[in-house]
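Undergrad: My questions are about this predicted structure, shown below with the sequence.
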Amino acid sequence: MWTAAPFPILLAAVALLEVFAADWWSRLGSKALVVGMLAVPAAVQLLVSGSAEAFTHSVAEYMSFMALLTALFVISGGIEVRGSLAGTPLANAGMLAVGAVLANVVGTTGAAMLLIRPLLRANARRGSRAHLVVFFILIVANAGGLLTPIGDPPLYLGFLKGVPFEWTFRLWAPWLFVNGTLIVIFNFVDQFLVNREERRDRHTGLMDELIVHQPLRIVGRRNMLLLAAVVLVLLAKGALVLPFGVPESTLLALAYVSYRITPGAIHEANHFGFGPIASVAVIFAGVFVTMTQPLLILNTRAAQIGLEEPWQYFWASGALSSMLDNAPTYLAFTSVAAGQLGISVDDPTYLASLVTVPAGNDLLFAIACGAVMMGSLTYIGNGPNLMVKEVAEHRGVRMPHFFAYAMIAMLIMLPVLAATTFLFFLPADG
């Protein structure tokens, strides 16, 4: 078991250093130092213990994973949404609904970076705006991206492990319920706060001001074609047997083309830089290497974990995703589910076997929902969460600190998640 220690240590370091040593951890060199201290021993252990093939698979998956994230990050950074919608509660709810759909096309990161600025511009006259960002994280940066492998990193890792591209479409019912419920709750909260603001400030013309808006227009539309090309590459990867390196090289080439053809003014308006994707690349290099041994152990000792029913996997994967990152959490619990059904993770596409078994299909359904939906419960549960927070604070929004945000998010989400459990993950007689 000691050989699995680098993985939880790395995840704990990512969570705790973000909170207690933010300035030091914000440097790329600091992240590389921590990752190197943990990933190098883990890699050596795998190579000398006869698990070189598993290590090779992890490296290949990391390269595929980063190729997609890089392509989405660079291409979405070349698209600027100018103008704003009206800042009324109904218009704000509509923006969140659009984001929940768009997250499945350009990923939660891409949708969040495209829409957070127009949303904040539309509500610039508001005194209370933090709730807008909280619900935006819950919906656009997390629960919205449940319907395609592009939507959220855990689902793309599942695609790399053999889950068919179209499999995630069957998650439409929990996607619709959770996002629809959150949007309704948001509309009531937003309307209440607007009314309170008008009464408190005796500002009876606030709604009239919020209706005023600038027409929306998209700049950098050539990048929309490149996003469509990314989707085609992924579809080809799923439908055809492409040699490793061909899809990855194509995705990186699309990112390079996007960067070269995008005017500097658009990048400047989007505050585009390679810092965020470089940080993700360093951290996930460590995650993919150090998680290899724990996945093998979880797979072989699945019976000792104590998870059997879909609702248990839903809450277990979700709870861990909220404290750590949801991508490795997804792989950890799919490994347990596979082991429970006698499927070995030695096959790099073991999830293709899992979805062919009815019981395995149900477990994967629960794991996918838990990892994606509950990644919103803390700032560190999913990559876009902190990025959205930083953009909002840069625009003058006073955001709740780490623990305050977690309490607010749980207050909103836990009743919705409890209802989701009863609707989708308990047997009819349960």
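TA: Ah, there it is.

Undergrad: For residue 106, list the residues it contacts.
TA: Counting by Cβ atoms under 8 Å, 6 or more residues apart in numbering, residue 106 makes contact with 72, 75, 76, 114, 150, 227. The way it works is simple: take the backbone N, C-alpha and C, and place the C-beta from them, glycine included.

Undergrad: Repeat that for residue 315.
TA: Contacts for residue 315 were tallied using Cβ under 8 Å, 6+ apart; they are 370, 421.

Undergrad: secondary structure class for it?
TA: helix (DSSP: H, G, I helix; E, B strand; the rest coil).

Undergrad: coming back round to it: greatest separation within the contacts of residue 106: which pair is it?
TA: 114 and 150 (14.0 Å; Cβ to Cβ).

Undergrad: Which one of the two is surrounded by more residues?
TA: Just comparing residue 114 and residue 150: by other Cβ atoms under 10 Å the higher neighbour count belongs to residue 150, 25 against 22.

Undergrad: quick one, phi/psi of the more buried one?
TA: For residue 150, the backbone dihedrals (degrees, to the nearest 10) come out as phi -70, psi -30.

Undergrad: Pretty sure it sits against residue 231.
TA: Yes. Residue 150 is in contact with residue 231 according to Cβ atoms under 8 Å; the separation is 6.8 Å.

Undergrad: Give me the common contacts of those two.
TA: Common neighbours of residue 150 and residue 231 (Cβ under 8 Å, 6+ apart) are residue 105.

Undergrad: So which residues of the stretch 51-200 of the chain form strands?
TA: Taking DSSP state E, counting those that start in this stretch as the criterion, the stretch 51-200 of the chain carries its strands at 80-82.

Undergrad: in it, which segments are predicted with low confidence?
TA: 83-86 (pLDDT under 70).

Undergrad: what do you get for the stretch 301-430 of the chain?
TA: 324, 428-430.

Undergrad: Break down it into its helices, ranges please.
TA: Counting by DSSP state H, counting those that start in this stretch, the stretch 301-430 of the chain has helices at residues 310-323, 326-340, 350-354, 358-373, 383-394, 402-420.

Undergrad: Could you check the angle the last one makes with helix 383-394?
TA: Which is helix 402-420. Helix 402-420 runs at 130 degrees relative to helix 383-394, counting by axes from the mean of the first three to the mean of the last three Cα atoms, to 10 degrees.

Undergrad: which of the helices of the stretch 301-430 of the chain is buried the deepest?
TA: helix 326-340 (a mean of 26; mean count of other Cβ atoms under 10 Å).

Undergrad: Check which helices and strands it sits against.
TA: Applying 3 or more Cβ pairs under 8 Å, 6 or more residues apart in numbering; DSSP states H and E, one finds that helix 326-340 makes contact with helix 153-160, helix 275-290, helix 292-300, helix 310-323, helix 350-354, helix 358-373.

Undergrad: if we can go back for a sec, which one of the contacts of residue 106 is nearest to residue 238?
TA: Nearest to residue 238 out of the contacts of residue 106 is residue 150 (Cβ to Cβ; 11.5 Å).

Undergrad: For stretch 177-193, buried residues please.
TA: Neighbour counts over stretch 177-193 (16 or more other Cβ atoms under 10 Å) mark 177, 178, 179, 181, 182, 183, 185, 186, 187, 189, 190, 193 as buried.

Undergrad: about what we covered before: which among the helices of the stretch 301-430 of the chain is found nearest to residue 165?
TA: Of the helices of the stretch 301-430 of the chain, nearest to residue 165 by Cβ to Cβ is helix 350-354, at 11.8 Å.

Undergrad: Point out the other helices and strands that that closest one packs with.
TA: When contacts are defined as 3+ Cβ pairs under 8 Å, 6+ apart, helix 350-354 packs onto helix 326-340, helix 358-373.

Undergrad: let's see it at 10 Å
TA: Counting contacts by 3 or more Cβ pairs under 10 Å, 6 or more residues apart in numbering; DSSP states H and E, helix 350-354 packs against helix 153-160, helix 326-340, helix 358-373.

Undergrad: any chance you could map the helices in the stretch 1-150 of the chain?
TA: Taking DSSP H, counting those that start in this stretch, the helices of the stretch 1-150 of the chain run over residues 6-20, 22-25, 28-48, 52-76, 89-122, 130-139.

Undergrad: Quick check: which of these is buried the most?
TA: Among the helices of the stretch 1-150 of the chain, the stretch with the highest mean neighbour count (mean count of other Cβ under 10 Å) is helix 130-139, at a mean of 25.

Undergrad: what angle separates it from helix 89-122?
TA: Put simply, helix 130-139 runs at 100 degrees to helix 89-122, going by the same axes, to 10 degrees.

Undergrad: Quick one: list the elements packing against helix 130-139.
TA: Against helix 130-139 (3+ Cβ pairs under 10 Å, 6+ apart) you get helix 89-122, helix 172-201, helix 383-394, helix 402-420.
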